[in-house]
Structure formats: C-alpha cells, structure tokens
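Trainee: let me see the structure of the following:
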Amino acid sequence: MSESLDKKAIKAGLGYTVGNILIKGISFISIPVFARILTVGDYGIVNTFTAYVSIVSIVISFALHSSIKNAKIDYKDRLKEYESSLLVIILINAVFLSIVALIFGNFLFEILSLEKSFLVELIVVESFGLSLITYYNCVLSVEYRFGEYLILSLAYSVMGIGLSIILALFVFPSQRWLGRILGTLVSAVIIAVYIIVRLFKSARPTVNTKFWKYGLKISLPIVPHGLSQIVLSQFDRLMINSTIGSVESGLYSFAYNVGSIFTVVATSLDTAWTQWFFDHMSLNKYEKIKRTANLYCGIVAIGAIALLLISPELIMLMGGKKYTDSIDAAFPIVLAMFFSYMYFFPASIEYYYKKTNLIAIGTITAAVLNIILNAIFIPRFGYIAAAYTTVACYFIYYIAHTILSYFVHGKWIYDMKVHFAVVALVTIIMVLCLLIKDYWIIRYLVLLLMVIAIGIVGILNKKYIFNFIKDFKNKKE
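Mentor: Next up, the predicted model:
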C-alpha cells in the first residue's frame, strides 16, 4: 500500500513539474506575439492590471488552499465536505469585493492609476477566477489527480491566449489592451464555473463553522507572506505606472518577463531538491546535503549566467526594436531572480522545522523595504531604478532567510563560502554584461568558454555526478 502510494506521489510530482514547464512554456511563446500585437503602452496597462489581480486574488481566497493538505490528514473521511465548505468563503469574499468595486469603482480607479474605471470590477472578476483555479489545483494535488490538473491548466492557458489574440485583433482593434485582458478573464471565469460545479457536485456546500475556523487558522497567517511576495514581484511596475506612465511600465514589465524565464526553470528544479533535502535531513546526512547543495547551486548559477549573456538578443527576438530600452533593466532583473531562487536553500530549512512564521517575517521585511526604495528612487531615476531596487530587496530577502535558517538549525548546513562565492560571481558577470552589452561577440565568447569549462569539470567529476543521479533515482524507486 505504502509503495503504491509512493509511486503515485512520484508520478504526480513528475506530472506537475513537466506540466508547469509546458504551461509556462506556452506563456513565454506568447510573449513575442503580444509584444507585436500590443503597443508598449498597452503592454504596461495589461501588466498593471495583472499585478492588481495577483494581489486581490490572495485577498479573495484568504490563502485557503494552503489548508487542504492538512485537512487531508485531519478530515480524511470528510475531505470533500471540507473543500466544498471552504469554497463558500471564497464566494462570499468575491461577492463582497464586487459590491465594493461597483460602489467605489470611480474612486478606486484613480487611486490605482488604471486606464478605465470599469477595470476595477474586472480585477475582482478575474481575481475570483484565479483564486478558484489556485484552490482547485491544491485539491487535485492532494488526490494526485495530475491528469486533470494538466488538462485544466492547459485549457486555461491556451484558451486565454487564443481569446486574447482574437479579441485584440478583431473585436477591440483600437483598444488591444482590453482584448488581452478580457481574453484571460473570460477563460478564468469559464474554468471557475467548471470548478464550482465539480466541487459542489462532490459535496453539497454548507456553512460549517468548524471547517471554517480550521481552514482560516492555518491560512490567514500565510496571507501577509503571499501579499509580501506579490509586493516584491509586482509593486515596482505599479509604482512605475502611477508615477511615470504605462509606456515605461510596459518596458519594465517586458524585461521582467524575460528575466522570469530563469524563475520557471529554477522553480521546477526546486521541486526535486526540496523532497531530496527533506529525506536527507531526516537521516542527518548533513555532509551529503552540503556537497549536493554546492553542485545544485552551481547548476542554477550557470543558468543565470547563460541568460545574462544572451538577454539582449532574447529581448530583440521576443519583442523587437521597440523594446530595446528594456535591455538595461533585464540584466539586474535576472540577477534579482537568481537571488530569489537562492532563497529556496535557507527556506528549505525553515520549512523542514515548520518555522513558517519566520518565513513571513523575512518576506514582509523585504517587501516593506521594496516599497520604500521604489518610492525614493523611481521618481528620481525612472523605471531602471526599479530593477536595482528589486536586486537589493531580493538580496536582502536571501540574506535574511539565510541568517534565520542558521538560528533555526543552530549551525550552518550549507557551505556558505561556496554559496557566497557563487553569488559574487553571478553579480560580477551581471556588471560585466552591462559593460559589454553592445559587444555580442565578446558575450558569446564568454558563453562558449563557460560551456567548455563546464564540460571539463563534468568529465573530471563524472563519478560523483553519476552517483548523485543514481542515488536520486534509487530514492524514487
């Protein structure tokens, strides 16, 4: 029974990882399409709208999806009832915020620097759809139903892109930004209706205060952490839009999307790392964790350096000449994404010891600093300043959690000399890329030398690498 469950979990984990890369891949393929369909200003409007949707969706959902894994243990025989009951909270929140949006829409759209007042209502509608999709994905994950997860996620992604293209080109040709927004919104609503039907069909919706108290007790502390993460990733473009304009917001958002390519791959790799880390921590194999973390850290750094070296050509390929000015912002953004990934190393320790309150403290601190720095430097130096404030905040984010993880465990688990050396190397490469951004031959020569060096190191350490792969494979079996 246990072996069967392990195989099911592994199969599901692989399915989610492959599915996430596939789905995000489709989204990245669409970037050059919309970069050409939309003006730079349109791109800024859409990304500002998306940023607000990310924030409101957390408020609507109360992060209730984070309680489902715990409920599977504590309410094993009533899980369907639990899932259906908590969905009622999300519906109530959505109705309440919809009323607020209708009453105060004209007031809020000026404060939020939106293009039109009706966008306030649209933000609530799409946030509701997104919160349900996130909630239902957790429902599917605890039941290992990765097949439905893949189908639903692909349907949402493909439908959103397809509708957006049709609406932008043929229905709203003079307001293509609106076509892009409505395409994603309509697909989110369609999927949301499907989710409501599925969950309420499985169990009749009830107001169960016992379930509600249980879910809110677990989920509400996660809300500040989730909002702080959104602030770190989205607040800069909101401030750029409100203080400078949608064109500059579009340029910055495009550079950020290119930098996020690194995040997608790195986050997918983290799925494998986290489980491996937990297994070896439980066996007190600290020396092996240290050696493997060094290898893993190096692999991630190589990916970041490679993206830094090809970023100018990637921006030209995906966006064309009108996004040339984004190149200067892309370099520091990639570095910031690297720092954000390095955070997973100390965060793994905090999660292992169930110190999620410390995770929230570290994230909130970085988010508050992000707001302060953006408020000071964006009005003075423009949207480029946001890229460097993002670097600073994610670096502090990483350092804060590294220090916290030391106190949680009582000593260093990782080889911090190696980690800090890698951080310094990627930072130096970023500065170098800024200096030689116009000399593609030099950048690609550096890339070639790096590939050769990696090949030599791989050959010299092939025994260790093969043993690691074999060990990880045996762990699955």
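Trainee: tell me how far residue 243 lies from residue 99.
Mentor: 30 Å (CB to CB, to the nearest Å). Backbone N, C-alpha and C define where each C-beta goes, glycine included.
Trainee: between the two, who's got more neighbours?
Mentor: residue 243 (16 against 11; other CB atoms under 10 Å).
Trainee: what sits against that one?
Mentor: 378, 379 (CB atoms under 8 Å, 6 or more residues apart in numbering).
Trainee: so for it, what's the pLDDT?
Mentor: Confidence at residue 243, expressed as pLDDT, is 77.
Trainee: also residue 281?
Mentor: 79.
Trainee: with the one 10 residues further on instead?
Mentor: What the model reports as pLDDT for residue 291 is 82.
Trainee: right, and residue 179 touches residue 172 too?
Mentor: Yes - at 4.2 Å, residue 179 and residue 172 qualify as touching, with contact defined as CB atoms under 8 Å.
Trainee: the two: who's more crowded?
Mentor: Using other CB under 10 Å, the more surrounded residue of residue 179 and residue 172 is residue 179, with 24 against 16.
Trainee: so which helix or strand takes in the more buried one?
Mentor: In this assignment (DSSP states H and E), residue 179 forms part of helix 176-202.
Trainee: pLDDT (mean, whole number) over that helix?
Mentor: For helix 176-202, the per-residue pLDDT averages 90.
Trainee: and stretch 316-331, by the same measure?
Mentor: Here the average pLDDT along stretch 316-331 is 79.
Trainee: quote the end-to-end distance of it.
Mentor: 14 Å (CA to CA, to the nearest Å).
Trainee: when you give positions from now on, start the count at 389
Mentor: In the new count, where the first residue is 389, that last one comes out as stretch 704-719.
Trainee: contacting residues around that stretch?
Mentor: Here stretch 704-719 has contacts from 419-420, 423-424, 428, 639-640, 642-644, 646-647, 696, 699-700, 702-703, 771-772, 774-775, 818, 821-822, 825, using CB under 8 Å, 6+ apart.
Trainee: now restrict the residues you listed to buried residues only.
Mentor: 419, 423, 428, 639-640, 642-644, 646-647, 696, 699-700, 702-703, 771-772, 774-775, 818, 821, 825 (16 or more other CB atoms under 10 Å).
Trainee: can you give me the helices for the stretch 689-838 of the chain?
Mentor: For the stretch 689-838 of the chain, the helices defined by DSSP state H, counting those that start in this stretch cover 715-730, 732-740, 744-769, 771-797, 804-823, 828-848.
Trainee: okay, angle between the second one and helix 804-823 too, please.
Mentor: The one in question is helix 732-740. Inter-element angle recorded for helix 732-740 and helix 804-823: 140 degrees (by axes from the mean of the first three to the mean of the last three CA atoms, to 10 degrees).
Trainee: same check on the last one?
Mentor: Using the same axes, to 10 degrees, the inter-axis angle of helix 828-848 relative to helix 804-823 is 160 degrees.
Trainee: so which elements touch helix 828-848?
Mentor: helix 674-707 (3 or more CB pairs under 8 Å, 6 or more residues apart in numbering; DSSP states H and E).
Trainee: what comes up buried for the helix it packs on?
Mentor: For helix 674-707, using 16+ other CB under 10 Å, the buried residues are 677, 680-682, 684-686, 688-700, 702-703, 706-707.
Trainee: picking that back up, identify whichever of the helices of the stretch 689-838 of the chain lies nearest to residue 432.
Mentor: Smallest distance to residue 432 across the helices of the stretch 689-838 of the chain (CB to CB): 9.7 Å, for helix 771-797.
Trainee: is it true that residue 456 touches residue 473?
Mentor: No - contact criterion CB under 8 Å: residue 456 and residue 473 do not qualify, at 11.8 Å.
Trainee: so for residue 514, what's the pLDDT?
Mentor: 90.
Trainee: quick one, what contacts the closest residue to it other than its chain neighbours?
Mentor: Spatial nearest neighbour of residue 514, chain neighbours left out: residue 573 (4.4 Å); criterion: CB to CB, 6 or more residues apart in numbering. Shown in contact with residue 573 (CB under 8 Å, 6+ apart): 510, 513, 514, 517.
Trainee: and the residues you listed, which is closest to residue 605?
Mentor: residue 517 (26.2 Å).
Trainee: and the helices of the stretch 689-838 of the chain, which is most packed in?
Mentor: With neighbours taken as mean count of other CB atoms under 10 Å, the helices of the stretch 689-838 of the chain reach their highest mean count in helix 715-730, at a mean of 25.
Trainee: quick check: angle from that one to helix 744-769?
Mentor: Using the same axes, to 10 degrees: helix 715-730 against helix 744-769 is 170 degrees.
Trainee: helix 715-730 vs helix 771-797, what angle?
Mentor: 10 degrees.
Trainee: re the thing from before, what's the PyMOL line that selects buried ones from the contacts of residue 573?
Mentor: Buried residues among those (16+ other CB under 10 Å), as a PyMOL selection:
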select buried, resi 510+513+514+517
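Trainee: which of the contacts of residue 573 fall in helices?
Mentor: 510, 513, 514, 517 (DSSP state H).
Trainee: now the last one. Nearest residue, chain neighbours left out?
Mentor: Going back to what we said before, that points to residue 517. In space, residue 517 is closest to residue 576, 3.0 Å off (CB to CB, 6+ apart).
Trainee: where in the protein is the helix or strand with the lowest mean pLDDT?
Mentor: Least confident element among the helices and strands of the chain, by mean pLDDT, DSSP states H and E: helix 850-864 (a mean of 56).
Trainee: distance of residue 524 relative to residue 545?
Mentor: Distance from residue 524 to residue 545, by CB to CB: 15 Å.
Trainee: who has more neighbours, those two?
Mentor: residue 524 (24 against 19).
Trainee: pLDDT wise, what is that one at?
Mentor: According to the model, residue 524 carries a pLDDT of 86.
Trainee: low-confidence regions, the stretch 439-588 of the chain specifically.
Mentor: Along the stretch 439-588 of the chain, the parts satisfying pLDDT under 70 run over 501, 503, 529-534.
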